[in-house]
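[1] Any chance you could fold what I've pasted below:
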Amino acid sequence: MDEGERPLAVRPRFACVALVTLLLFPLAGPRAAPAAPLPRSLALSHGWLFQPDPLEIGLAEGWQQPGFDRAGWRAVVVPGAWDAYDATMDGYEGVGWYACRMPAERIDARAWQRLRFGRANHRATVWIDGEKVAEDSLGYLPFEVAATPRMRPGSPGWIVVRVENGVRYDWLPGTTTVEWVQYGGLLEPVELLTTSRVFIGHAAIDARPSGADASVSVVVEVESAADTVFTGRVRVETAGQSTEAAVRVAPRKAGEATLELVLPRARTWSPEHPALYDLEVRLLDGPRELDAIAEHFGVRSIEARGRELRLNGQPLRLRGVNRYNEFPKHGPVADEAAIRADLKAIKAAGANLVRVHFPQSPATLRIADELGLLVMEEVPLNWWRASWHRPAPPEYQNDRIIDAAELALERLVWRDVNHPSIVIWSMANECNTFDSLGVHAMERLLRRARVLDRSRLLTYVANRSYSKQKAFALADLVAVNLYYGMWEGESADRRADMEPRVRVPTREALGEIAALFPGKPILLSEFGTIGIPGTGGDTRFTEDFQAAYVTSVWKAVRDRPEICGGVVWSWADYRHRRGFTNDYPAFFGPFGLVTLDRKPKKALGVLGGLWKEDVAGARATP
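    Predicted coordinates:
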């Protein structure tokens, strides 16, 4: 194999054969072309049918077969959570089936066509005309299947997807105790991709300041479904600059080309000035253009220097919110206007960072790029082997789930690497990462992340046994969750308790943690308490209590200059998964600075005021 080539089956997003089966078929079948050229990407939004399968009889009855009678199935639009189809589906955990008949005019037998599923939660099995072509168990990230030549002009062209949601020890997040709602269905767009048999699979952009200019490196992956060697060129263009490189790809393999260029007098990306550039990538075969894609990127650097974080060489102090991507009546599938309004409100409050427990929608990240919001994006490994939950069965007292977490990390970086807003990759949240098994798991993920992306900071989030968190030696910063007065230390029941039971122990704990990890930035990645909307007075969990609590914690963060910032739990109230309660006996988590429908609480005003004081103070400091 020539240098730069590798088998198509080991691309990052399909690296684990046990979780994803990608079947490529011989190029055969009718040669008829559609009446008009198809776009490179076509969203398959309409024409879908849905049927729940609570008794799991679909496989035995052949629901995947093209001739199966689907007259009674519900017509739905994709994407969408099946929880929103009907009140009786709200919180449904089980099996659901989707079917869509591909119109003949969308099938081009002369091209290479693929189906990309943006997100199917949680396990998806795909059939084309009754033949199983893929199975994926990641649930949060995209996967692709080859449609050529299984879809042929004149054939039924049925695409059938069996989706199963819920919680299992061998699915991420790695436990059966999960807080967030496991919304089911096809939660991101399904796309029909139409290209030549040699096409651009991916382009990864690394753009950093270099004096007054910027150095830009672009790694372009070219994939081939052809039976002959391809020799051509890759061209990249941005801001009036361009360069080319040769590329050679063996039959049914993938190859890479790395291109470098300089942007004179480049504008840097930052929360204050989120400058973005457009980049075109073209694949050329002689004078003929075979394929082209467009990406956007920002020029920025992020580093840890001693206790400080530095963005573009300047000190960065984080003021953040943790956020679930949940909206009333829609769950995680919101339109872009709602997402934009939400992120704009976060920034208007004075925050500069959003932390998330699992991969976000591409629309969310694109809007964060445009608005100038930093993002800490996390592998969805959460509460794995956590000691405060029922122990997993013996067969899961191992690191089997880390195979899935590593594959999720690879797909996450592959999909989101070009977003300048993402400055931190987190490997996990509140898992048992302090014994030998947990330390090894975090070291494995951190080492893999370092290979995948050297342009961002790496960490994982811990909430106990800090002296045993040996894997932090490989991280760029130490991230910890503290809830003194809530779940740690003496309970804070009145506002008078805030100083002795919240601020003081939080300040002391942060100092002790900092002493354990000299020379590393320390991030308080979670703090917060319940604030029941519309309540007041000197009582635990009222809006007044919540406002006093977040004020006390933020003052503790201010007390410790070695702390690089804090991230409140959470931005908005959210629904709990059925069966989960957390000191509030309802299927709801009212920890938000705003309500589920984004109405502000008192805590938003006080914490936002403190953040704005910090910003003003930083600007006044010479």
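[2] how is the protein carved up into domains?
    5-195, 198-297, 302-620 (automatic domain parsing).
[3] Format these as JSON lines; extra columns: mean neighbour count.
    (C-beta placed from N, C-alpha, C; glycine too.) Output for those, formatted as JSON lines (neighbours: other C-beta atoms under 10 Å):
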{"stretch": "domain 5-195", "mean neighbour count": "18"}
{"stretch": "domain 198-297", "mean neighbour count": "17"}
{"stretch": "domain 302-620", "mean neighbour count": "20"}
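[4] would you turn those domains into a markdown table with mean pLDDT?
    Output for these, formatted as a markdown table (pLDDT from 0 to 100):
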| stretch | mean pLDDT |
| --- | --- |
| domain 5-195 | 86 |
| domain 198-297 | 98 |
| domain 302-620 | 96 |
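[5] Let me know the helix or strand that V557 is in.
    Element membership of V557, judged by DSSP states H and E, is helix 543-559.
[6] Could you list every helix and strand in contact with that helix?
    Contacts defined by 3 or more C-beta pairs under 8 Å, 6 or more residues apart in numbering; DSSP states H and E place helix 543-559 against helix 498, helix 504-516, strand 522-527, strand 563-568, helix 602-620.
[7] Make TSV out of the ones you listed and add distance to A246.
    Shown next, in TSV, are the helices and strands packed on helix 543-559 (distance: least, C-beta to C-beta, whole Å):
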stretch	distance to A246
helix 498	65
helix 504-516	51
strand 522-527	44
strand 563-568	44
helix 602-620	48
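[8] Looking at these, which is nearest to L458?
    Ranking those by proximity to L458 (C-beta to C-beta) places strand 522-527 first, at 12.3 Å.
[9] mind saving the C-alpha coords of the closest one as PDB?
    Extracted in PDB, the C-alpha atoms of strand 522-527 (Å, rounded to 0.1, in the frame of the first residue of the first chain):
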ATOM      1  CA  ILE A 522      -8.300  24.100  37.200                       C
ATOM      2  CA  LEU A 523     -11.900  24.500  35.800                       C
ATOM      3  CA  LEU A 524     -15.000  24.200  38.000                       C
ATOM      4  CA  SER A 525     -17.000  22.400  35.300                       C
ATOM      5  CA  GLU A 526     -20.200  22.100  37.300                       C
ATOM      6  CA  PHE A 527     -21.900  23.900  40.200                       C
END
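[10] Mind listing the strands that strand pairs with, and their directions?
    Strand 522-527 pairs in its sheet with strand 478-481 (parallel), strand 563-568 (parallel), by DSSP bridges.
[11] Report the distance from that strand to the chain centre.
    20 Å (C-alpha atoms, centre = their mean, to the nearest Å).
[12] angle of that strand against helix 504-516?
    On the basis of axes from the mean of the first three to the mean of the last three C-alpha atoms, to 10 degrees, strand 522-527 is oriented at 140 degrees to helix 504-516.
[13] Regarding the closest residue to L38 other than its chain neighbours, what is its secondary structure?
    Excluding the flanking residues, the one nearest L38 by C-beta to C-beta, 6 or more residues apart in numbering is T194, at 4.4 Å. Three-state assignment for T194 (DSSP: H, G, I helix; E, B strand; the rest coil): strand.
[14] re earlier: any idea which of the strands paired with strand 522-527 gets closest to D227?
    Closest to D227 of the strands paired with strand 522-527, according to C-beta to C-beta: strand 478-481, at 49.1 Å.
[15] you'd agree K520 is up against A304?
    Yes. With contact defined as C-beta atoms under 8 Å, K520 counts as touching A304 (6.9 Å).
[16] Common neighbours of the two, please.
    Both K520 and A304 are contacted by D476, L477, under the criterion C-beta atoms under 8 Å, 6 or more residues apart in numbering.
[17] Next up, the contacts around the residue lying closest to G489 once chain neighbours are set aside.
    Spatial nearest neighbour of G489, excluding adjacent residues (C-beta to C-beta, 6+ apart): P505 at 4.9 Å. Neighbouring residues of P505 by C-beta under 8 Å, 6+ apart: Y484, G485, E488, G489.
[18] Quick check: P505 vs E526, distance?
    According to C-beta to C-beta, to the nearest Å, P505 stands 15 Å off from E526.
[19] same deal with W82?
    30 Å.
[20] Likewise for R152?
    R152 is 52 Å from E526, by C-beta to C-beta.
[21] picking that back up, just send the strands paired with strand 522-527 back as CSV, with distance to Q314 too.
    As requested, these are exported to CSV (distance: least, C-beta to C-beta, whole Å):
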stretch, distance to Q314
strand 478-481, 21
strand 563-568, 13
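[22] Between the contacts of P505, which sits nearest P328?
    Closest approach between the contacts of P505 and P328, by C-beta to C-beta: G485, at 30.1 Å.
[23] contacting residues around that closest one?
    So G485 contacts S491, A492, D497, M498, R501, V502, P505, T529, Y549, S552 (C-beta under 8 Å, 6+ apart).
[24] Could you export these as a markdown table, including distance to E512?
    Below are those laid out as a markdown table (distance: C-beta to C-beta, whole Å):
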| residue | distance to E512 |
| --- | --- |
| S491 | 21 |
| A492 | 20 |
| D497 | 21 |
| M498 | 20 |
| R501 | 17 |
| V502 | 16 |
| P505 | 10 |
| T529 | 22 |
| Y549 | 21 |
| S552 | 18 |
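[25] who's P274 bridged to?
    P274 has these beta-bridge partners by DSSP bridges: W269.
[26] beta partners of V218?
    Applying DSSP bridges, one finds that V218 bridges with I205, L259.
[27] Does it touch A245 like I think?
    No. In terms of C-beta under 8 Å, V218 does not count as a neighbour of A245; the distance is 9.2 Å.
[28] Isn't S491 up against R501?
    Yes. Using C-beta under 8 Å, S491 makes contact with R501 at a distance of 7.2 Å.
[29] wait, what's in contact with the spatially most central residue of the chain?
    Residue closest to the average C-alpha location in the chain (C-alpha atoms, centre = their mean): P359, at 1.3 Å. Counting by C-beta under 8 Å, 6+ apart, P359 makes contact with Y140, L141, E377, P380, A408, L412, R415, D416.
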